[in-house]
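Participant: with the input below, show me the fold.
(one chain, ligands or ions: 2)
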Amino acid sequence: MWSKDKIMTREALLPVVTDWKAQGQRVVFTNGCFDLLHLGHVDYLEKARHLGDRLVVGLNTDASVSCLKPGRPLQDEVSRARVLASLLFVDAVVLFDEQTPLTLIEALVPDILVKGDDYTISGIVGHQVVLQNGGQVLTVPLVAGYSTTRIVERIQAHLTP
Ligand SMILES: Nc1ncnc2c1ncn2[C@@H]1O[C@H](COP(=O)(O)OP(=O)(O)OP(=O)(O)O)[C@@H](O)[C@H]1O
Ligand SMILES: O=P(O)(O)O[C@@H]1O[C@H]([C@H](O)CO)[C@@H](O)[C@H](O)[C@@H]1O
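Facilitator: Ligands and ions are numbered 1, 2, ... in the order given. Sure, this is the predicted structure:
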């Protein structure tokens, strides 16, 4: 499979997830902006994938990111989606335009919902949907010292005379 084929619309992804579930595969879902991919992202995504059998990543569109994080994204949604899709342990990438992935999670009803532990369980959007459907909501420890913001700050410091 070419990585670009992992990038799907919500409509195309729904039957794929239904088939995975019908085959008894546990579907893990996470989401984020993933502006500049770094070690923390890779570590947490790989761990998320191994909490189940398939990993679906919800990716904020450029419009969504710019509402959440003024001045961002630095990389457009096409680039961010392809970089995520190129990861061996990512099975699907789906863009969402809203401020939160709630409607996407309501549509997919993943078996496992995951975020980094910079979030509390009750602070993870969609946790009620997943728990009410008998699923799990989990966090993965952060890799200390890694963030997109930190990368930007280091570049800015490097460029400042
Ligand atoms: N250092 C890290 N280790 C593990 N997971 C991380 C780390 N940083 C972010 N994540 C996780 O990656 C996902 C996407 O987060 P996000 O795109 O905001 O990354 P970020 O590097 O924190 O970006 P920003 O600096 O712009 O906030 C979230 O689920 C978050 O919990
Ligand atoms: O990359 P971020 O900022 O960690 O991703 C955000 O996560 C929010 C989270 O799911 C809240 O529980 C989400 O609402 C927001 O749209 C971003 O994806």
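Participant: in which helix or strand does the most centrally placed residue in the chain reside?
Facilitator: With distances taken as C-alpha atoms, centre = their mean, the residue of the chain nearest its centroid is residue 31 (2.6 Å). For residue 31, the host element (DSSP states H and E) is strand 27-32.
Participant: just checking, next helix/strand downstream of that strand?
Facilitator: Next along the chain after strand 27-32, taking DSSP H and E as the criterion, comes helix 39-49.
Participant: buried ones in that next one?
Facilitator: 40, 41, 43, 44, 45, 47, 48, 49 (16 or more other C-beta atoms under 10 Å). (Each C-beta comes from the backbone N, C-alpha and C, glycine too.)
Participant: list the beta-bridge partners for the residue in the chain positioned nearest to ligand 2.
Facilitator: Nearest residue of the chain to ligand 2, counting by C-beta to the nearest ligand atom: residue 32, 3.1 Å away. Taking DSSP bridges, one obtains residue 59 as the residues bridged to residue 32.
Participant: so who does it touch?
Facilitator: Residue 32 makes contact with 41, 57, 58, 59, 60, 115 under the criterion C-beta atoms under 8 Å, 6 or more residues apart in numbering.
Participant: what about it, distance to residue 49?
Facilitator: Distance of residue 32 to residue 49, computed by C-beta to C-beta, to the nearest Å: 14 Å.
Participant: output the below-cut-off pLDDT ranges for this structure.
Facilitator: Within the chain, no stretch falls below the threshold (pLDDT under 70).
Participant: which stretches in it count as strands?
Facilitator: Under the criterion DSSP state E, the chain contains strands at 27-32, 54-60, 92-96, 112-116, 136-140.
Participant: right, I'll leave it there.
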